[in-house]
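Q: okay, structure incoming, though there's no sequence with it:
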């Protein structure tokens, strides 16, 4: 089994910054991709940013403001959020595509964190 634990959410004024962290733990063989999604009230969950093999992609709404990075040694992904806007308010979820050991067998599954609230006041 694999667990994702997020941290770093909170309340910030418009124009401010926050840094989210997501650490994966378990009998991990490899983490193939990691990303951040968000879900605002009444809206569908949407991709914010993702990183795979060093390549990154971002939602148009966050390009130039958010940066995703990864510490492979710590199985951790970060989301640096700058120039925050009220419309960035949402619950942010970490996602990871992980290959892990179930006994002696390698299994690949998709995992989600519990979510962390980001609130940007105007």
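A: Ah, there it is. Nothing here was measured: the structure is a model prediction, and the numbers come from that model. Residues are numbered from 1 along each chain as shown.
Q: in which helix or strand does the residue lying closest to residue 92 once chain neighbours are set aside reside?
A: Distances taken as C-beta to C-beta, 6 or more residues apart in numbering place residue 38 nearest to residue 92, at 4.8 Å, with adjacent residues excluded. The way it works is simple: take the backbone N, C-alpha and C, and place the C-beta from them, glycine included. Assigned by DSSP states H and E, residue 38 belongs to strand 28-39.
Q: who touches the helix or strand that comes right after that strand?
A: Toward the C-terminus, strand 28-39 is succeeded by strand 46-52 as the next helix or strand (DSSP H and E). Strand 46-52 has contacts (C-beta atoms under 8 Å, 6 or more residues apart in numbering) with 32-39, 56-59, 62, 66-70, 77, 79, 92, 95.
Q: repeat the analysis, applying 10 Å as the threshold.
A: Residues outside strand 46-52 that contact it (C-beta atoms under 10 Å, 6 or more residues apart in numbering): 20, 31-40, 56-59, 61-63, 66-70, 77-81, 88, 90, 92-93, 95, 97.
Q: how near is the spatially most distant residue from the centre of the chain to residue 29?
A: The centre of the chain is farthest from one residue, residue 104, which by C-alpha atoms, centre = their mean lies 28.7 Å away. From residue 104 across to residue 29, the span is 11 Å (C-beta to C-beta, to the nearest Å).
Q: swap in residue 83?
A: Applying C-beta to C-beta to residue 83 and residue 29 gives a distance of 37 Å.
Q: repeat for residue 53
A: 16 Å.
Q: so for the two, which residue has more residues nearby?
A: residue 29 (13 against 6; other C-beta atoms under 10 Å).
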